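[1] A predicted structure for the sequence below; I have some questions about it.
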Amino acid sequence: MPSPVDAPILTADAMRAAEAACAASGTSLATLMERAGAAVADFAWRMAAGNPVLVLCGPGNNGGDGYVAARWLARRGVHVRVAALAEPASELARAARRAWGGPVEVLGDDLAPAPLVIDALFGVGLSRPLRKDLAARLRGLAKRRVLAVDVPSGVEADGVQPWAPALSADVTVALGALKPAHVLLPAAATCGKVVLAPIGIEAQSSLRTLPRYECDSPGAAAHKFSRGMALVRAGPMRGAAGLAASAVLRAGAGYAILSGASGAPLSAIIAEDGDHFAERLADERLGAVVIGPGYPASDALDRDVAAALKSGRALVLDAAAIVSALPRLGGAPAILTPHAGEFARAFPGLEGSKIDRARAAASKSGAVVIYKGADTIVAAPDGRIAAAWPGCPWLATAGTGDVLAGACAAMLARGDEAFDAAVAAVSWHISRARAIGPGLVADDLVRA
Ligand SMILES: NC(=O)C1=CN([C@@H]2O[C@H](COP(=O)(O)OP(=O)(O)OC[C@H]3O[C@@H](n4cnc5c(N)ncnc54)[C@H](OP(=O)(O)O)[C@@H]3O)[C@@H](O)[C@H]2O)[C@@H](O)CC1
Ligand SMILES: Nc1ncnc2c1ncn2[C@@H]1O[C@H](COP(=O)(O)OP(=O)(O)O)[C@@H](O)[C@H]1O
Ligand SMILES: [K+]
């Protein structure tokens with residue numbers, strides 16, 4: 001289910017800093033917790049639809065949010081029970097429990113379930129995986145509707161550790177901002193629908209979810225060259241380059257040239273056999289060049305990559321062209337589009353979450369990196385990052401990456417700077433895939 005659009009994503013440390021800044025500017029943490037619990041209660045009230053609710057509270061402030069939510073639900077007439085894993089360990093959580101004032105059951109093996117379970121056991125403060133006995137007890141509550149407070153308990157918020165929650169959520173209420181775990185696998189797949197409760201925190205972040213894709217119509221005075229010209233270099237597997245060239249046109253550029261192929265899937269593409277690549281690279285109207293789709297590592301690829309780099313054009317480098325170009329990029333405007341295998345070859349030894357690794361790759365290469373996959377991350381060398389979860393799983397089929405490379409070139413040729421072009425291309429790709437849905441093959445993405 002789509003995440004909130006263009007929403008801030010904060011790590012646990014950044015969240016704590018935002019929380020502290022909020023406190024320093026006069027909004028107490030107790031107020032934030034009150035807002036958080038009230039927001040959770042609001043979503044829970046709608047989800048429960050009149051049915052009883054069971055709130056599971058942990059020892060920290062995530063548990064504190066749970067006690068507050070229970071109080072608000074009871075006030076709205078919901079039949080709500082609370083079960084605690086342990087005594088509250090923070091002053092805020094203790095106060096929230098006192099204010100709840102109702103009975104607190106023990107989260108033991110014999111705990112009776114309820115149609116809606118609110119998971120307020122652990123949030124961003126989780127410091128280790130869930131104990132096996134607790135995980136087993138929680139699994140006994142599965143098959144109920146689950147609303148997770150901030151993150152499903154057991155998930156590490158920064159998305160570095162692959163720890164699994166015992167209960168997958170139907171809805172996760174992200175407090176103040178999204179966390180990396182909401183947009184990175186494996187955790188993201190356990191969050192269900194993620195909704196954002198702003199709670200009044202100033203959540204500034206250069207790490208955000210994808211904006212909505214918006215396609216501007218060409219201006220009334222547009223012509224094919226003003227809409228942008230892109231050149232796709234074909235390797236031995238012509239079909240891949242043909243998909244990329246088709247995507248150049250479908251994603252909104254006005255003119256596509258396929259160099260090194262005698263035919264193209266669309267008649268509108270200028271297909272050129274023979275060696276006119278260098279000549280085309282010199283065309284002043286050229287806005288972007290794609291190399292890599294269907295072009296395995298070879299001396300010929302290295303020569304073409306070198307020529308493209310020398311031309312100073314904005315480049316989209318896919319597959320083997322990424323490793324070929326990397327040592328020679330030198331700050332040239334470029335978008336790299338590696339999938340996981342290509343990323344590991346191009347950027348070995350990086351650590352941290354997928355976001356951390358994408359950020360490091362962009363900073364190291366000086367290029368915009370689209371680290372593809374079900375949880376695609378777009379990273380710019382200046383630190384801007386866009387997270388594309390959830391994508392469209394129907395894209396897991398051959399040739400869709402070639403289409404994405406062509407779409408990147410279209411956005412560059414239309415005049416976007418590299419990060420904006422990459423973000424627009426990823427949004428275009430996913431929105432198109434969603435519109436097609438079941439049975440999608442890569443060619444469908446570039447049909448009318
Ligand atoms: N940011 C904001 O603006 C706001 C944040 N708010 C809320 O606060 C949440 C963060 O609260 P938090 O920092 O108190 O941490 P939390 O997640 O409750 O857990 C820490 C406790 O769990 C324990 N513990 C850890 N791992 C464990 C394990 N595997 N198994 C067992 N125990 C384990 C740990 O103990 P220890 O590690 O010391 O043993 C400690 O006692 C945040 O997610 C949001 O819901 C809102 O209230 C208001 C605005
Ligand atoms: N499970 C998935 N869910 C969403 N998107 C996916 C999934 N698997 C792959 N994709 C997307 O599909 C595309 C596949 O690209 P790639 O692996 O390069 O394929 P190819 O080289 O065959 O074109 C990428 O844009 C990737 O993000
Ligand atoms: K939780």
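    Right, received. Where do you want to start? Ligands and ions are numbered 1, 2, ... in the order given.

[2] For Gly242, which residues are in contact?
    Ala234, Leu258, Ala261, Ala264, Pro265, Ile269 (Cβ atoms under 8 Å, 6 or more residues apart in numbering). (C-beta placed from N, C-alpha, C; glycine too.)

[3] between those, which is closest to ligand 3?
    Pro265 (48.8 Å; Cβ to the ion).

[4] State whether that closest one is indeed within a strand.
    No. Applying DSSP: H, G, I helix; E, B strand; the rest coil, one finds Pro265 to be coil, outside a strand.

[5] what about the helices in the chain?
    Applying DSSP state H to the chain gives helices spanning 12-24, 29-48, 61-75, 91-100, 132-139, 238-250, 277-281, 299-311, 320-325, 340-346, 354-365, 400-413, 418-436, 442-445.

[6] nearest to ligand 3, of those?
    helix 61-75 (5.0 Å).

[7] Give me the buried positions along that closest one.
    61-74 (16 or more other Cβ atoms under 10 Å).

[8] Leaving out sequence neighbours, find the closest residue to the residue in the stretch 101-250 of the chain that ligand 2 sits nearest to.
    Using Cβ to the nearest ligand atom, the closest approach of the stretch 101-250 of the chain to ligand 2 is made by Ala240 at 6.8 Å. Among residues not flanking Ala240 along the chain, Gly294 sits closest, at 2.8 Å (Cβ to Cβ, 6 or more residues apart in numbering).

[9] looking at it, that neighbour is touching Arg233, isn't it?
    No. If you go by Cβ atoms under 8 Å, Gly294 and Arg233 don't touch, sitting 9.9 Å apart.

[10] hey, what's in contact with both of those two?
    Contacts common to Gly294 and Arg233, judged by Cβ under 8 Å, 6+ apart, are Ala241.

[11] So for these two, which sits in the more crowded spot?
    Per other Cβ atoms under 10 Å, whichever of Gly294 and Arg233 has more neighbours is Arg233, with 29 against 22.

[12] do you know how far the more buried one is from ligand 3?
    Arg233 sits 50 Å away from ligand 3, going by Cβ to the ion, to the nearest Å.

[13] Who are the contact partners of that residue?
    Contacts of Arg233 (Cβ under 8 Å, 6+ apart): Ala241, Ser259, Gly260, Phe277, Val289, Val290, Ile291, Tyr295, Asp304, Ala308.

[14] Which single one of the residues you listed is nearest to Asp216?
    Val290 (21.9 Å; Cβ to Cβ).

[15] quick one, what contacts Ile322?
    Gly292, Leu336, Thr337, Pro338, Glu342, Ala346 are the contacts of Ile322 under Cβ under 8 Å, 6+ apart.

[16] Try it again at 6 Å.
    Residues near Ile322 by Cβ atoms under 6 Å, 6 or more residues apart in numbering: Leu336, Pro338, Glu342, Ala346.

[17] I'd guessed the last one sits against Val323; true?
    Same thing as Ala346. Yes. Ala346 lies in contact with Val323 (Cβ atoms under 6 Å); the separation is 5.3 Å.

[18] What does the pLDDT read for the closest residue to Leu445 other than its chain neighbours?
    Closest residue to Leu445 in three dimensions, ignoring its sequence neighbours and counting by Cβ to Cβ, 6+ apart: Val403, at 4.7 Å. Reported pLDDT at Val403 in the predicted model: 98.

[19] Please tell me how far Val403 sits from ligand 1.
    Look at Val403 and ligand 1: by Cβ to the nearest ligand atom, to the nearest Å, they are 39 Å apart.

[20] now that residue: how far from Ile436?
    12 Å (Cβ to Cβ, to the nearest Å).

[21] repeat for Leu130
    39 Å.

[22] and those two? which has more neighbours close in?
    Leu130 (20 against 15).

[23] pretty sure the residue nearest to Leu445 is touching Leu243, no?
    Yes. Judged on Cβ under 6 Å, Val403 makes contact with Leu243 at a distance of 5.2 Å.

[24] hey, what's in contact with both of these two?
    With Cβ under 6 Å, 6+ apart as the test, Val403 and Leu243 both reach Ala442.

[25] Could you list the domains of this protein?
    12-207, 229-445 (automatic domain parsing).

[26] Give me the neighbour count for Ala410.
    30.

[27] Let me see the contact set for it.
    Applying Cβ under 6 Å, 6+ apart, the residues contacting Ala410 are Val248, Ala251, Gly252, Ala253.

[28] quick one: pLDDT of the residue nearest to Ala240?
    Reported pLDDT for Gly294: 98.

[29] Ligand 1 contacts on the stretch 301-448 of the chain?
    Within the stretch 301-448 of the chain, no position lies close to ligand 1 (Cβ under 6 Å from any ligand atom).

[30] Please consider this matter closed, and thank you.
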